[in-house]
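*Asks:* can you look at this prediction? I've put the sequence above it.
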Amino acid sequence: MAIGILLLAGCTPESEPETDTPATTPAETPEVTTAPDAGETAPVEYEPLDTVETDIGTIDVLAENLEAPWSIVFFNDTPLISERDTARILEMDASGNMREVGVVERAASQGGEGGLLGLAIHNDQLYTYLTTGPDNRIIRYDITGEPGSYQLDSPEELFVGIPAAGYHNGGRIGFGPDGMLYITTGDAQEPSQSQDLDSLAGKILRITPEGDIPDDNPFDDSPVYSYGHRNPQGLAWSEDGTMYSSEFGEDDWDELNIIEAGGNYGWPEVEGTGGEPDYIDPVQQWTPAEASPSAIEIHNDTIYMVALRGQRLWEIPLDDAESSTDYLAEEFGRLREATTAPDGSLWLLTNNTDGVGEPDENDDLLLRIEEP
């Protein structure tokens, strides 16, 4: 059941906007090259195109020439990747080749940060977060076929009416330990919406897999789980069920937050640590030049947070979340996604073709860190 309200938002570009051309129905997309045939093995073994020694260890380049990739999920052992502006879902098969599973034709970049963004898998179905023009919404697909021939079928608009704008669309989605779908939304360039509990902007939302409002949400008859966010794009849970989220600040501080039901995280009244009793302070903060964070992943009792403007990977131990170490500074450019593969390695997506970065010849890349 699709719920939500259709809202439009104004446009005020952020300090480092992402400015690509909209692509509602891509007519021509770049060739994607990947590792040569590694054969059908179990478990899957990908032959890297290149191997780079870095300050965090050996990194394998598994794919090149991706176009503004945004999210990776695994359907069984098969990685599926979203491309923001082409609106393609790509599948990497067991022999390391990339193919198009489908195009989410309603996704529109609006010349900025919108388009096809986050992905999540639940009960053999693919959940997608996308900008359509008038709003951001969740569309669910059945995944049919076999590895190497997957297709997207039976699209269902599950949740609509999340305010959209050229920038600050949030976009990360994920299923929590409670089986509910969590959705990060940006303030859609209207900061006051973040404090408005009648708006879906500047929030973390919580809905059932069918798009309904859970009875135990913190606000009656509302999908809002937490509020006072500017543009959160990271979402992850530790083994004890604690939820973490990373968030873009404006001029002063980017944040890593522990998310509490009903919590108010302060934007636009507070950016970073404010020490005010009405708002929840972050557990750690960075300047936008160091971070501008997108995804986070909890891997081996450590939070890994990728940085766009900061062009690095931050490592934050769960047992000391106020400390951090950075790796890969300017090694691969802007980093958008981090996720754990079924074999336990950490996979990253670069994001140098997003209209803000300075892409090298083979960007964007899919990277694997075997033992971070």
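*Replies:* In hand now; what should we look at? Residues are numbered from 1 along each chain as shown.
*Asks:* may I have the secondary structure class of residue 355?
*Replies:* In three-state terms, and counting by DSSP: H, G, I helix; E, B strand; the rest coil, residue 355 is coil.
*Asks:* which strands and helices sit next to the helix or strand harbouring residue 285?
*Replies:* Element membership for residue 285 (DSSP states H and E) is strand 284-286. Judged by 3 or more C-beta pairs under 8 Å, 6 or more residues apart in numbering; DSSP states H and E, the packing partners of strand 284-286 are strand 254-259. From N, CA and C alone the C-beta is placed, and that goes for glycine too.
*Asks:* ok, residues contacting the strand it packs on?
*Replies:* 204, 225-226, 232, 234, 242-249, 265, 272, 280, 282-288, 290-293, 296, 303, 305, 316, 321 (C-beta atoms under 8 Å, 6 or more residues apart in numbering).
*Asks:* how does it look with 7 Å?
*Replies:* Residues from elsewhere that reach strand 254-259 (C-beta atoms under 7 Å, 6 or more residues apart in numbering): 204, 226, 242-249, 265, 272, 280, 282-286, 288, 291-293, 305, 316.
*Asks:* restricted to buried residues, select those residues in ChimeraX.
*Replies:* In ChimeraX, this line selects whichever of those come out buried by 16 or more other C-beta atoms under 10 Å:
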select :204,226,243,244,245,246,247,248,249,265,272,280,282,284,285,286,288,291,292,293,305,316
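*Asks:* next, the buried residues of stretch 357-368.
*Replies:* 357, 359, 362-368.
*Asks:* where strands are concerned, which of the residues you listed count?
*Replies:* 366-368 (DSSP state E).
*Asks:* make CSV from these and add pLDDT and distance to residue 312 to it.
*Replies:* Formatted as CSV, these follow (pLDDT from 0 to 100; distance: C-beta to C-beta, whole Å):
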residue, pLDDT, distance to residue 312
366, 96, 18
367, 97, 13
368, 96, 17
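*Asks:* columns distance to residue 104 on top of the residues you listed, output as CSV?
*Replies:* Formatted as CSV, those follow (distance: C-beta to C-beta, whole Å):
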residue, distance to residue 104
366, 20
367, 24
368, 26
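*Asks:* out of those, flag the one nearest to residue 260.
*Replies:* Among those, residue 367 lies closest to residue 260 (C-beta to C-beta), at 33.0 Å.
*Asks:* work out for me the element the nearest residue in space to that closest one that is not next to it in sequence sits within.
*Replies:* Once flanking residues are discounted, residue 367 sits nearest to residue 348: 4.3 Å by C-beta to C-beta, 6 or more residues apart in numbering. Residue 348 is part of strand 346-350, with elements assigned from DSSP H and E.
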